Structures are given as C-alpha cells and as structure tokens.
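fold the following.
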Amino acid sequence: MKAFSGRGNARDEEMARLENTDLRETNELLKKLLSIFTLRNPR
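Sure thing, here's the model as predicted:
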C-alpha cells in the first residue's frame with residue numbers, strides 16, 4: 001500500500017500552520033509558568 005502522494009490543499013497547509021503556531025505559543029506559556037512557579041517555590 002502506497003501513501004497518498006498528493007500535494008494536499010492550501011486549507012490543509014494553513015490548518016497545520018495554525019496548529020503549529022498554537023502549539024508553539026502553548027509551549028512558550030508553559031515554560032514561562034514553570035519558571036515563575038520554580039522561582040516562587042525553590043526546593
């Protein structure tokens with residue numbers, strides 16, 4: 001069985017880009033929150 005070799009469409013590419021952007025923003029927010037809580041509660 002061969003994988004689909006089509007190029008997709010612009011909508012699929014745009015959705016993937018938006019999802020990646022959202023994941024990056026979420027990741028950055030989590031990093032900031034982790035640093036804040038780590039500074040407040042040092043072990």
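
the helix or strand hosting T26 - contacts with which helices or strands?
Counting by DSSP states H and E, the element that carries T26 is helix 10-40. Counting contacts by 3 or more Cβ pairs under 8 Å, 6 or more residues apart in numbering; DSSP states H and E, helix 10-40 is packed against no other helix or strand. C-beta coordinates here come from the backbone N, C-alpha and C atoms, glycine included.

separation between the residue positioned nearest the centre of the chain and T38?
The centroid of the chain falls nearest to L23 when counting by Cα atoms, centre = their mean (1.7 Å). Separation of L23 from T38 (Cβ to Cβ, to the nearest Å) stands at 22 Å.

which residues touch the residue nearest to the centre of the chain?
Shown in contact with L23 (Cβ atoms under 8 Å, 6 or more residues apart in numbering): no residues.

any idea how far it is from K31?
13 Å.

cool, and E25?
11 Å.

where does the chain dip in pLDDT?
By pLDDT under 70, the weakly predicted segments of the chain are 1-8, 41-43.

what about N9, how many neighbours?
By other Cβ atoms under 10 Å, the residues close to N9 number 9.

go on, the one 10 residues further on?
In terms of burial, E19 registers 10 neighbours under the definition other Cβ under 10 Å.

now it: how far from S35?
In terms of Cβ to Cβ, E19 sits 25 Å off from S35.

before we move on, what about R11?
37 Å.

try R24
R24 is 17 Å from S35, by Cβ to Cβ.
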